[in-house]
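Novice: Give me coordinates for this.
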Amino acid sequence: MNKYAHITEYLKEFLKAEVSKRGFKKVLVGLSGGLDSAVVAVLAGKVFKDELLCVKMPSQHSSESSLIDADELCSDFSLKAITVSIEPLLKVYEELNPDMDRLRVGNFSSRMRMSTIFDISARENALVLGTSNKSELMLGYGTLYGDMACAINPIGDLYKSEIYKLAKYLGISKAIIEKAPSADLWQGQSDESDLGYTYAEIDKALNLLVDEKLSKESILKKGIDKEMLEMIIKRVSSNSFKLEMPKIARISI
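Specialist: Have a look, this model is predicted:
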């Protein structure tokens, strides 16, 4: 059994056990048309079949190609899906706050999507599955209480470069695998443009820093770009709070 066959079987068992442990039978995945949500949806479909509901939540800023890719994925893998647009919610808030920049629009969109899918989870009595990969989580490249919110995350310990390989093993279409990674929060938005480096470059450095726990000096000796490494170290440090539960001031002893 190759590495990604083994990972697939492990994640299927993980999902089955963790959902059952929490007393649920149904799960939800927010399906964007991107790579990460596609991988989670396909994995969940293998385990839960008709008990999986994919929720597409486009806005006026969503690209048509993402919606097409999401529809084709559902067709390819016989995934049940619904569409619930956040456009009316977002339009009203943007009208009330005309000074919003792209970052605020992106964060608000992400949180509106998560509010929407968690409401649907209450209606369906289903658990929300996370779609943030390890690269995003380590860098804090996600919205707190937005796309980072979930009940269970099956891919949070896989780097983005590993997600590509898992997607190929699962048979996900080239249209999804080969397009530029994007949270689709505004027209033309690209993860790698935002970060300034490719995920392949970032993941190599993250692996040395986070997994192998090498010093900055040791990592630089391996030919890693200095500016990129400094950006990564800064982001990992400044965004670590996103991976923690809110700090509670303990009064009782």
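
Novice: so which helix or strand takes in S110?
Specialist: helix 102-124 (DSSP states H and E).

Novice: so for that helix, what's the average pLDDT?
Specialist: The average pLDDT within helix 102-124 is 96.

Novice: Stretch 207-225 now?
Specialist: With pLDDT averaged residue by residue, stretch 207-225 scores 96.

Novice: List the buried residues in that stretch.
Specialist: Neighbour counts over stretch 207-225 (16 or more other C-beta atoms under 10 Å) mark N207, L208, L209, L214, I219, L220, I224 as buried. Where you see a C-beta, it was placed from the backbone N, CA and C, and this is true even at glycine.

Novice: Among these, which one lies nearest to L15?
Specialist: Distance to L15 across the buried residues of stretch 207-225 (C-beta to C-beta) is lowest for N207, with 25.0 Å.

Novice: and that closest one, what is it in contact with?
Specialist: N207 sits next to Y159 when contact means C-beta atoms under 8 Å, 6 or more residues apart in numbering.

Novice: Wasn't it part of a helix?
Specialist: Yes. Checked against DSSP: H, G, I helix; E, B strand; the rest coil, N207 lies within a helix.

Novice: do you know how far it is from M231?
Specialist: Between N207 and M231 the computed distance is 16 Å (C-beta to C-beta, to the nearest Å).

Novice: And V19, which helix or strand is it part of?
Specialist: In this structure, V19 is located in helix 3-21 according to DSSP H and E.

Novice: Going by contacts, tell me the helices and strands next to that helix.
Specialist: Contact analysis of helix 3-21 by 3 or more C-beta pairs under 8 Å, 6 or more residues apart in numbering; DSSP states H and E lists helix 35-48, helix 160-170 as its packing neighbours.

Novice: give me the low-pLDDT residue ranges for the stretch 151-253 of the chain?
Specialist: Within the stretch 151-253 of the chain, the stretches with pLDDT under 70 are 182-189.

Novice: before we move on, back to that, the helix or strand just after the helix holding S110 - contacts with which helices or strands?
Specialist: Where DSSP H and E defines the elements, the next helix or strand beyond helix 102-124 is strand 126-128. Under the contact criterion of 3+ C-beta pairs under 8 Å, 6+ apart, strand 126-128 touches strand 26-30, helix 102-124.

Novice: what angle do the last one and strand 26-30 make?
Specialist: The reference is to helix 102-124. With axes from the mean of the first three to the mean of the last three C-alpha atoms, to 10 degrees defining the directions, helix 102-124 sits at 160 degrees from strand 26-30.
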